[in-house]
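[1] Take this sequence and fold it.
(4 chains)
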Protein chains: 4
Amino acid sequence: MIKVGIIGSTGYAGGELVRILTGHKEAEIVWYGSRSYVDQRYADVYQNMFQIVDAKCMDDNMEELARRADVIFTATPQGLCASLVNEAILSETKIIDLSADFRIKDVSVYEKWYGIEHKSPRYIEEAVYGLCEINREDVRRARLVANPGCYTTCSILTAYPLAKEGIIDMSTLIVDAKSGTSGAGRGAKLPNLFCEVNENMKAYGVTSHRHTPEIEEQLGYASGEKVVINFTPHLVPMNRGILATEYASLKKDVSWSYVKEIYDKYYQKEKFVRVLDEGVLPETKWVEGSNYVDINFKIDPRTNRIIMMGAIDNLVKGAAGQAVQNMNLMFGLDESEGLNLVPMFP
Amino acid sequence: MIKVGIIGSTGYAGGELVRILTGHKEAEIVWYGSRSYVDQRYADVYQNMFQIVDAKCMDDNMEELARRADVIFTATPQGLCASLVNEAILSETKIIDLSADFRIKDVSVYEKWYGIEHKSPRYIEEAVYGLCEINREDVRRARLVANPGCYTTCSILTAYPLAKEGIIDMSTLIVDAKSGTSGAGRGAKLPNLFCEVNENMKAYGVTSHRHTPEIEEQLGYASGEKVVINFTPHLVPMNRGILATEYASLKKDVSWSYVKEIYDKYYQKEKFVRVLDEGVLPETKWVEGSNYVDINFKIDPRTNRIIMMGAIDNLVKGAAGQAVQNMNLMFGLDESEGLNLVPMFP
Amino acid sequence: MIKVGIIGSTGYAGGELVRILTGHKEAEIVWYGSRSYVDQRYADVYQNMFQIVDAKCMDDNMEELARRADVIFTATPQGLCASLVNEAILSETKIIDLSADFRIKDVSVYEKWYGIEHKSPRYIEEAVYGLCEINREDVRRARLVANPGCYTTCSILTAYPLAKEGIIDMSTLIVDAKSGTSGAGRGAKLPNLFCEVNENMKAYGVTSHRHTPEIEEQLGYASGEKVVINFTPHLVPMNRGILATEYASLKKDVSWSYVKEIYDKYYQKEKFVRVLDEGVLPETKWVEGSNYVDINFKIDPRTNRIIMMGAIDNLVKGAAGQAVQNMNLMFGLDESEGLNLVPMFP
Amino acid sequence: MIKVGIIGSTGYAGGELVRILTGHKEAEIVWYGSRSYVDQRYADVYQNMFQIVDAKCMDDNMEELARRADVIFTATPQGLCASLVNEAILSETKIIDLSADFRIKDVSVYEKWYGIEHKSPRYIEEAVYGLCEINREDVRRARLVANPGCYTTCSILTAYPLAKEGIIDMSTLIVDAKSGTSGAGRGAKLPNLFCEVNENMKAYGVTSHRHTPEIEEQLGYASGEKVVINFTPHLVPMNRGILATEYASLKKDVSWSYVKEIYDKYYQKEKFVRVLDEGVLPETKWVEGSNYVDINFKIDPRTNRIIMMGAIDNLVKGAAGQAVQNMNLMFGLDESEGLNLVPMFP
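    Now for the predicted structure:
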């Protein structure tokens, strides 16, 4: 059994890690880290785990954790993982970081968008960007994985094959994304109160959301050119789900089948990416609770643009599910172990 | 592998059966019955099943189905199962009926509350009321199980130990229940439109809801007396979940621990019934997606009443989950096979 | 023009006062009190008021406010109004207190249920309980009005005529109430986050909610006997609305028409109380945004109980609307001035 | 008093017309048309109108209606108004058509996008496109007004000043719009059921939504060039509200203040258009229940694009409110009569 430690286990992503790992046959959680709830029973924080999890929450003792755990998930605010990681720890355990600390290769870009100093820049190079479908082999060999952001996972996978194959003009790419409210975390903040979110819809972080450079970097690798995009996130009155609607100009005349073949080339063997049938558009509810990414597209001959759409559960494929997928790869397990989660409808 | 046929597989309860059975190690679905969608791919009706279920929907051919399936789930409107069942069928297959046809032993009570003639009264006596925690041994031997209603499962289990032990005055029992909207089914009716339900709350079926006699009958068996109650269902703007708030006068002076012990006597060994810690009240979200019933209570010395509260997911423990639990019992499997569903939060 | 000051204008009830008074022809707000947002533009806190309200938020200077305003609304936490009121202030201005400080005549009951010491017990006797439909004449003459609680307004008005006429056995009265989340206020607390409330339903404050003694006191006056009830509030995933479902044993054999006549005796001339047609049950959405109370009932001959149901918008008739109705009475205006708010659907 | 007839008064837009006109001082409704509910009391269909509206629903007798009413609102499916209008009717009454029949000047474009034959093409030329802020003078003189679509009102007003002033490259304009579910109407259709919409988000009508040519035509007039855009609507789990996020490349280097001045040039005197302060992004909840359009924008120097955002209540400014605004103009009344609706929050 793989021994798992979680730092930040009482946030929404941390809670989802616990839910998923509870059903994982080859892993057991040995450390429920949570600064805010030290010594409280985990099931008192997340009552759904009553009679399922008996453990108490523990403090963030990275050294002891490294000794006890084969892998540590850090589901913590930006900067924490970078401040904790060091050679001693990486020599004893693997780390899957759900924060942004090791996602961006250019430290100055990280520091500019996140507004904080990076405390461990020397591990950036080593860290593997854990988008399994794209970096699978590197993930297998990694000891430090940067788990991608929720918006980025959805945005990148939706456009990746077309960027890679040079079908779209990358300078025209616009990503208009919509997210459920769990993406904002479990902090008690006024804008996340029920009455502020319910029956409401808004854009936020326009031109400045931190997932922008992450999308740009990855799609830059795919397309082989520098990519600069508009990324606009929106808050939707629902718990879970991200829908990305992406627009780009086509570089040549293509048919639906032609584009579908390109998607199939990259995704047909991917268990967790479902390219839908013609005319069926992704809906977040169809992937809720699961690790799937549902993708489809429409070509508009009137404007010569393609509209790509992707849907994920932000807490699963956008966070905890992908983290477990990465863990499976890193430990040589079946990639889908623990992730055979059938979407729940309604 | 147990071969399973589902009649009514495209309703919400039918869909939940498919979701649960997809993860069941000892069962496989061989017949996705759906009058409305015959010959359409099941995954075209429920897109969450894309690339998971390949089958097409089939008509209700009970004879052929009986030959092909070891067990048939009927997730159909009232009256249909009663009109289809006969000796030939029951000699070839087992039936778990999710409708109300075989729940009520007194056919005149059934016909009065449901307003339809019962087509197979002779099987009522044989049918076992499939509330596993109460009728476990009978279920094991049954060939026809009447799967309890959603409201009734929650209402009965919440009060059962106190009724059984004679702690409460049954003539004072009042059940005020609240349900998510999936309980209303997938029919395209105006009152179930999003804009009619969202941001709204109402009682319905006051004094006349069909689950009333079912609760009365079962709690009558438990208490050994004729039980007549007020049961008031309410529609809540959420997809899933039932919360039952039940009021009864206490027949003697009791403490919280005393009552807790009574609950524990009946439920401590029950995997799917969780009697919560003192002061922790059930919330529907803590059981969502799972087969759990969460129960707790408060004693009010001012009024000498006890307020019992129970929460379930109406589509799981209130329908499909309990049906699978019944199936497991009928086929001698581990009762929780396929039902190790961790509640999803948020 | 009546000059109005509001202390606590940036809570949800305060915001609703501003919304309603903006459309009031005889009143103008001269003081937007808000400790948390002093010197900030009111419209920056409630962006809906952009280009409608130009004023800035001000501190709680009760003395200056008393000089400037003809009436002060205190939409503040329990205890604040009691700590601020004195003879000098009451000689200069009228006060409508939306907190519970002056609702309960027995100070020991107040202190027990609210857990705080009352700072101005000498004004309790003078204060008028501002349930307009019941205490209209007293309200007209009052200088200090205790504006009823949201749950209490709904609970009392729903049962009042039957309590008053002695039709129901008061010792059997049970009030099961359901409220939208705005009743919990605008404080940034974890249990009120969107993801905690959405898709969830729970009871809270069972046997201990502070509105209990308020309902008991008022229905005690109506029935002429000491009343002790069970009151159980529930949190519903919607912004606005309270639905009270009330149960009581009938003291005699009555018909629907007979009871309807009793309701009509008290409410036929009341603009804001609508006793619905037979068979039409109250829904919170039908009163949203308005000052209406919708009421109906069902008689159950099986149990000899009557089930009464009432619906209000908790922020209007349950708070700000009723406060304005009280103000209109106190200043000799048309009782419905500013309150001709047509319910918004959907 | 202006006598108003409504055809289609029991749809959501029709219901909103009734709500607004109930508070209009110079208008009274004389005809509540509704094919589906003929002879039923209007308040039985919309219970919020109980004791407010006494009338019964009537059939669509356009001739009699023309005699009785000074103005007819047609809130009906596409094609109906065009099939009913004729010279006799227009000589007796004015018509404000909330359907799309007279919005598009090129009949072939209408017939292509709507897939129906236009029955009264000769009135297309005469009909005035009732976007008050843009066509105010023409509306005053009109006898037939084509009330704009909900998405179009929001999409056009958000981009209009920049299109008109030539600041943006119209060939790059992309409109990504999000709407509450009331926009889908009150028809009992499966995709609009609560459980299908709640906790879900999807795009629909991608590249083919009928509001596309309407936006293109109007922004074509504004910019003086042929406009072809991508317009992508999305369904959001909320009752009311449209948010349009619009992207376009800037034709020159501009600052926020420069663009703000352009917006102010067109909207500073417009009561119902609120250009927000820098950094404050529109949210649908801030305009709910009101006739406001809230607009703001962000400039992205990285991509040389401007992101414009606009929010409306789809049933008010997007339908009934704008229709009343048009009526006010056509009858020489104060343009905001009946429309002083303060947004409701929360």
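[2] gap between the helix or strand that contains A:Ala244 and the chain center?
    Under the criterion DSSP states H and E, the helix or strand holding A:Ala244 is strand A:242-250. Offset of strand A:242-250 from its chain centre (CA atoms, centre = their mean, to the nearest Å): 18 Å.
[3] what about that strand, near chain C?
    No. Strand A:242-250 is not in contact with chain C by CB under 8 Å from any CB of the partner chain; minimum separation 14.4 Å. Yep, even glycine has a C-beta here, placed from its N, CA and C like the rest.
[4] any idea which helix or strand comes after that strand?
    Immediately after strand A:242-250, counting by DSSP H and E, sits helix A:256-267.
[5] buried ones in that following helix?
    Residues of helix A:256-267 classed as buried under the neighbour-count rule (16 or more other CB atoms under 10 Å in any protein chain shown) are A:Val259, A:Lys260, A:Ile262, A:Tyr263, A:Tyr266, A:Tyr267.
[6] Hmm, the third one is touching A:Ala163, no?
    Which is A:Ile262. No. Assessed by CB atoms under 8 Å, A:Ile262 is found out of contact with A:Ala163, at 10.4 Å.
[7] Can you show me the helices along the stretch 151-300 of chain A?
    Applying DSSP state H, counting those that start in this stretch to the stretch 151-300 of chain A gives helices spanning A:194-197, A:211-223, A:256-267.
[8] same for the longest strand along chain A, what does it pack against?
    If you go by DSSP state E, chain A has its longest strand at strand A:168-179. Here strand A:168-179 touches helix A:150-164, helix A:211-223, strand A:230-235, strand A:242-250, strand D:174-179, strand D:242-249, going by 3 or more CB pairs under 8 Å, 6 or more residues apart in numbering or on different chains; DSSP states H and E.
[9] One more pass at 6 Å, please.
    Where contact means 3 or more CB pairs under 6 Å, 6 or more residues apart in numbering or on different chains; DSSP states H and E, strand A:168-179 is packed against helix A:150-164, strand A:230-235, strand A:242-250.
[10] got CSV for those, with mean pLDDT, mean neighbour count and distance to C:Val18 too?
    Listed next are these as CSV, based on pLDDT from 0 to 100; neighbours: other CB atoms under 10 Å in any protein chain shown; distance: least, CB to CB, whole Å:
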stretch, mean pLDDT, mean neighbour count, distance to C:Val18
helix A:150-164, 98, 27, 36
strand A:230-235, 98, 25, 25
strand A:242-250, 98, 25, 36
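[11] For D:Val227, which of these is the nearest?
    Checking the helices and strands packed on strand A:168-179 against D:Val227 by CB to CB gives strand A:242-250 as the closest, at 16.1 Å.
[12] Is any residue of the closest one near chain B?
    No. Using CB under 6 Å from any CB of the partner chain, strand A:242-250 stays clear of chain B, with a minimum separation of 13.9 Å.
[13] partner strands of that strand, parallel or antiparallel?
    strand A:168-179 (antiparallel), strand A:305-312 (antiparallel) (DSSP bridges).
[14] now the shortest one against helix A:150-164, angle please.
    Right, strand A:305-312. For strand A:305-312 against helix A:150-164, the angle by axes from the mean of the first three to the mean of the last three CA atoms, to 10 degrees is 140 degrees.
[15] could I have strand A:305-312 exported to CSV, CA atoms only?
    Taking Å, rounded to 0.1, in the frame of the first residue of the first chain, the C-alpha atoms of strand A:305-312 are listed here in CSV:
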residue,chain,number,x,y,z
ARG,A,305,-13.5,30.2,-36.6
ILE,A,306,-13.7,27.1,-34.6
ILE,A,307,-15.5,27.0,-31.3
MET,A,308,-14.1,24.4,-29.0
MET,A,309,-15.8,23.4,-25.8
GLY,A,310,-14.6,21.4,-22.8
ALA,A,311,-16.1,20.4,-19.5
ILE,A,312,-14.6,18.9,-16.4
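[16] Now find how far off-centre that strand is within its chain.
    Worked out by CA atoms, centre = their mean, strand A:305-312 lies 17 Å from the chain centre.
[17] Need the three-state assignment for A:Ile72.
    State at A:Ile72, reduced to three classes by DSSP: H, G, I helix; E, B strand; the rest coil: strand.
[18] per-residue pLDDT, it?
    As predicted, A:Ile72 sits at a pLDDT of 98.
[19] what's the burial count for it?
    26 (other CB atoms under 10 Å in any protein chain shown).
[20] Can you tell me the closest non-neighbouring residue to it?
    A:Gly5 (4.6 Å; CB to CB, 6 or more residues apart in numbering or on different chains).
[21] Each with direction, which strands does the one helix or strand the one you found maps to pair with?
    Following DSSP H and E, one finds A:Gly5 within strand A:2-7. Using DSSP bridges, strand A:2-7 pairs in its sheet with strand A:27-33 (parallel), strand A:71-74 (parallel).
[22] Identify the residues contacting that strand?
    For strand A:2-7, the surrounding residues in contact (CB atoms under 6 Å, 6 or more residues apart in numbering or on different chains) are A:14, A:17, A:26-27, A:29-31, A:33, A:60, A:65, A:69-74, A:76, A:331.
[23] okay if I get the helices of the stretch 151-300 of chain A as CSV plus mean pLDDT and distance to chain C?
    Below are the helices of the stretch 151-300 of chain A laid out as CSV (pLDDT from 0 to 100; distance: least, CB to the nearest CB, whole Å):
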stretch, mean pLDDT, distance to chain C
helix A:194-197, 98, 4
helix A:211-223, 98, 20
helix A:256-267, 98, 30
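[24] right, so of those helices, which gets closest to D:Thr22?
    D:Thr22 sits nearest to helix A:194-197 of all those, at 26.8 Å, using CB to CB.
[25] can you dump the C-alpha coordinates of the closest one into PDB?
    The C-alpha trace of helix A:194-197 is given here as PDB (Å, rounded to 0.1, in the frame of the first residue of the first chain):
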ATOM      1  CA  PHE A 194     -24.600  31.700  -0.800                       C
ATOM      2  CA  CYS A 195     -26.700  34.800  -1.200                       C
ATOM      3  CA  GLU A 196     -23.900  36.600  -3.200                       C
ATOM      4  CA  VAL A 197     -23.400  33.700  -5.600                       C
END
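[26] and the residue nearest to A:Ser336 when sequence neighbours are not counted, how many neighbours does it have?
    Nearest non-adjacent residue to A:Ser336, counting by CB to CB, 6+ apart: A:Lys271, 5.5 Å away. A:Lys271: 15 surrounding residues under other CB under 10 Å.
[27] list the contacts for the nearest residue to A:Gln268 once chain neighbours are set aside?
    Excluding the flanking residues, the one nearest A:Gln268 by CB to CB, 6+ apart is A:Val275, at 7.8 Å. Contact analysis of A:Val275 by CB under 6 Å, 6+ apart lists A:Tyr263, A:Tyr267, A:Ile295.
[28] Get me the contact residues on the stretch 1-150 of chain A for chain B.
    Counting by CB under 6 Å from any CB, the residues of the stretch 1-150 of chain A near chain B are A:Arg19, A:Thr22, A:Gln47, A:Asn48, A:Phe50, A:Gln51.
[29] and which of those is nearest to A:Gln322?
    Nearest to A:Gln322, judged by CB to CB, of those is A:Arg19 at 14.2 Å.
[30] List the contacts of the helix or strand containing that closest one.
    If you go by DSSP H and E, A:Arg19 is part of helix A:12-22. Applying CB under 6 Å, 6+ apart, the contact partners of helix A:12-22 are A:6, A:8, A:27, A:29, A:46, A:73, A:75, A:98, A:182, A:186, A:315, A:319-320, A:324, A:338, B:342.
[31] Centre of the chain to that helix, how far?
    14 Å.
[32] quick one: it to strand A:27-33, angle?
    Using the same axes, to 10 degrees: helix A:12-22 against strand A:27-33 is 150 degrees.
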